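**Q** next input, structure requested:
(one chain, ligands or ions: 1)
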Amino acid sequence: MPISRRKLLCQFGAGAVMTAALPSLAESRFGEFPRSIAEGRSGGPVILLSRNENAYGPSEKAIAAMRGAEHSANRYPKAQTGDLRDRIAKLHALEVEQIVLGCGSGEILTAAAAAFGGRGKKVITALPTFEQLGRAAQIDDAEIITVPLSKNYAHDLDGVLARTDAATGLIYICNPNNPTASITPRRDIEDFLQKLPRTAMVLIDEAYHHYVAPTASYASFIDQPVNDDRVIITRTFSTVYGLAGIRVGYAVASPETARTLSARCLPDGTNIVGALAAVSALDDTAYIRTCVKRNADDRQEFFNQANARMLRAIDSHTNFVMMSAQRPATEVVEHFKKNGVEIGRPFPPLDNYIRVTLGKPAEMAEFWRVWDLAPAHKMEM
Ligand SMILES: Cc1ncc(COP(=O)(O)O)c(C=O)c1O
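**A** Numbers count the residues shown, from 1 in each chain. Presented below is the predicted three-dimensional model:
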């Protein structure tokens with residue numbers, strides 16, 4: 001995708017807020033290298049820049065809560081999941097009946113596909129987008145319709161409306177979108193909801209909500225709700241809260257829809273360790289702020305490095321970046337793998353783009369070192 005040098009510099013120059021003094025947590029926690037290297041499955045060291053996790057880990061308070069959970073392991077998690085639902089309801093000023101917990105938000109996406117998709121129904125998703133809901137719906141024999149993102153990498157909501165009919169059971173809007181890190185303007189979603197047939201449900205996936213810097217074109221549908229029973233919003237503890245391995249997510253919906261979703265989720269699918277960690281993670285607002293700030297700095301540094309190499313990346317509102325690699329992503333993924341760095345898989349039709357999850361500064365320095373090892377590439381401008 002060609003881009004002029006001027007446009008590129010404007011894009012990268014925008015919002016060039018550079019690192020001020022870091023918030024209170026010890027620098028060593030953020031700067032260290034060895035702790036951030038996970039063992040790869042084959043046993044070799046791998047820097048994981050592939051799964052959109054929080055490289056800085058969970059808050060110390062969440063870790064302490066998990067340590068305290070072990071003696072309750074003989075009990076079912078009723079009290080702890082009850083507390084977590086209460087805590088989430090309080091956070092968002094909602095009724096507890098509106099909160100559904102899942103074993104990751106992925107479980108809720110699957111439950112939504114089962115509840116509102118199924119044989120004879122249509123499920124509409126984007127291309128490219130996070131695929132879990134579409135895949136689950138496909139397994140349940142729904143007809144899957146994929147509508148390409150717009151040229152700004154937003155959901156093409158007019159395109160979605162054009163494909164919507166009485167058989168449409170569920171529409172998936174990932175905002176910000178994975179893998180493009182782009183946002184769909186709030187006003188466009190509101191207009192879309194006005195025009196949408198009453199029979200179609202809409203799931204808005206806000207997995208990366210915390211990483212969106214304040215901007216007029218974005219507002220969470222949990223923080224600024226619309227009075228619309230068709231809307232389900234999902235969030236996860238896998239991103240900013242640093243708890244991907246503990247598997248906790250939730251949905252916010254009308255009480256009736258919440259009951260429908262819960263019926264499709266595993267009973268007690270959220271375990272005691274996850275529930276206790278999630279409550280502590282929500283309480284540790286200072287840590288969330290620190291991670292958001294860190295991510296903003298890491299993201300800016302990524303764009304600085306890309307800019308210095310005249311590389312084009314899609315403006316990111318998340319903890320990952322989709323960057324033009326100017327050659328097939330499969331080759332680039334392989335090059336990084338050989339050098340001990342795992343980046344995201346290719347995401348057709350963006351075959352020449354790579355998705356890079358932001359790691360700690362030392363990990364990103366290694367990413368760029370490995371990038372620079374690749375044979376010189378053709379410039380697009
Ligand atoms: C957009 C989006 N939604 C949901 C998920 C699932 O997250 P989890 O099941 O860990 O909550 C992911 C994970 O990558 C994601 O990118």
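**Q** return the distance of the residue in the stretch 1-150 of the chain that the ligand sits nearest to relative to residue 234.
**A** Minimum separation of the stretch 1-150 of the chain from the ligand (C-beta to the nearest ligand atom) falls at residue 104, amounting to 2.5 Å. (C-beta placed from N, C-alpha, C; glycine too.) Residue 104 sits 10 Å away from residue 234, going by C-beta to C-beta, to the nearest Å.
**Q** now residue 357, which residues is it bridged with?
**A** residue 320 (DSSP bridges).
**Q** so who does it touch?
**A** Going by C-beta atoms under 8 Å, 6 or more residues apart in numbering, residue 357 touches 48-53, 55, 319-320, 343-344.
**Q** so residue 222 is in contact with residue 234, correct?
**A** No. Assessed by C-beta atoms under 8 Å, residue 222 is found out of contact with residue 234, at 9.5 Å.
**Q** who has more neighbours, these two?
**A** Neighbours were counted for residue 222 and for residue 234 using other C-beta atoms under 10 Å; residue 234 has more, 29 against 22.
**Q** circling back to that earlier point, could you report the neighbour count for the residue of the stretch 1-150 of the chain closest to the ligand?
**A** 25.
**Q** show me the contacts for it.
**A** So residue 104 contacts 236, 238, 244, 247-249 (C-beta under 8 Å, 6+ apart).
**Q** which of those tops the neighbour count?
**A** residue 248 (29 neighbours).
**Q** surely it and residue 239 touch.
**A** No. Contact criterion C-beta under 8 Å: residue 248 and residue 239 do not qualify, at 11.5 Å.
**Q** rewinding a little: common neighbours of residue 104 and residue 234, please.
**A** residue 249.
**Q** sorry, back to before: shared neighbours of residue 222 and residue 234, anything?
**A** By C-beta under 8 Å, 6+ apart, residue 222 and residue 234 have these common neighbours: 206, 252.
**Q** and residue 173, helix, strand or coil?
**A** The three-state label given to residue 173 by DSSP: H, G, I helix; E, B strand; the rest coil is strand.
**Q** mean confidence score for stretch 277-296?
**A** The average pLDDT within stretch 277-296 is 98.
**Q** would that stretch count as contacting the ligand?
**A** No. Contact of stretch 277-296 with the ligand (C-beta under 6 Å from any ligand atom) is absent, the minimum separation being 11.0 Å.
**Q** which other residues reach that stretch?
**A** So stretch 277-296 is contacted by 17, 22-25, 30, 54, 56, 58-66, 69, 80, 83-84, 87-88, 91, 210-211, 213, 237, 240-243, 246, 248, 319, 358 (C-beta under 8 Å, 6+ apart).
**Q** phi, psi of residue 205?
**A** Residue 205 adopts backbone torsions of phi -90, psi 110, taken as degrees, to the nearest 10.
**Q** quickly note the distance from it to the ligand.
**A** 5 Å (C-beta to the nearest ligand atom, to the nearest Å).
**Q** look up the pLDDT of that residue for me, please.
**A** 98.
**Q** neighbours around residue 349, how many?
**A** 11.
**Q** secondary structure class for the residue lying closest to residue 187 once chain neighbours are set aside?
**A** Nearest-residue entry for residue 187: residue 217, 7.5 Å, with adjacent residues in sequence omitted and distances by C-beta to C-beta, 6 or more residues apart in numbering. Under three-state DSSP, the three-state class of residue 217 is coil.
**Q** residue 217 and residue 157: what is the separation?
**A** Residue 217 is 14 Å from residue 157, by C-beta to C-beta.
**Q** looking at those two, which one has more neighbours?
**A** A count of neighbours by other C-beta under 10 Å puts residue 157 above the other of residue 217 and residue 157, at 23 against 13.
**Q** grab the nearest non-local neighbour of the more buried one.
**A** Residue 157 sits nearest to residue 192 (C-beta to C-beta, 6+ apart), 4.0 Å away.
**Q** ok, now which ones touch that neighbour?
**A** Here residue 192 is in contact with 157, 160-161 (criterion: C-beta under 8 Å, 6+ apart).
**Q** same list, those, but as a markdown table with distance to residue 261 and pLDDT please.
**A** What follows is the contacts of residue 192, written out as a markdown table (distance: C-beta to C-beta, whole Å; pLDDT from 0 to 100):
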| residue | distance to residue 261 | pLDDT |
| --- | --- | --- |
| 157 | 23 | 98 |
| 160 | 22 | 98 |
| 161 | 24 | 98 |
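**Q** what parts of the stretch 51-200 of the chain come near the ligand?
**A** So the stretch 51-200 of the chain meets the ligand at 52, 104-106, 130, 174, 178 (C-beta under 6 Å from any ligand atom).
**Q** try 5 Å
**A** Residues of the stretch 51-200 of the chain lying close to the ligand (C-beta under 5 Å from any ligand atom) are 104-106, 130, 174, 178.
**Q** out of these, which are inside helices?
**A** Counting by DSSP state H, these place 105-106 in helices.
**Q** residue contacts, residue 345?
**A** By C-beta under 8 Å, 6+ apart, the neighbours of residue 345 are 50, 329, 333, 355.
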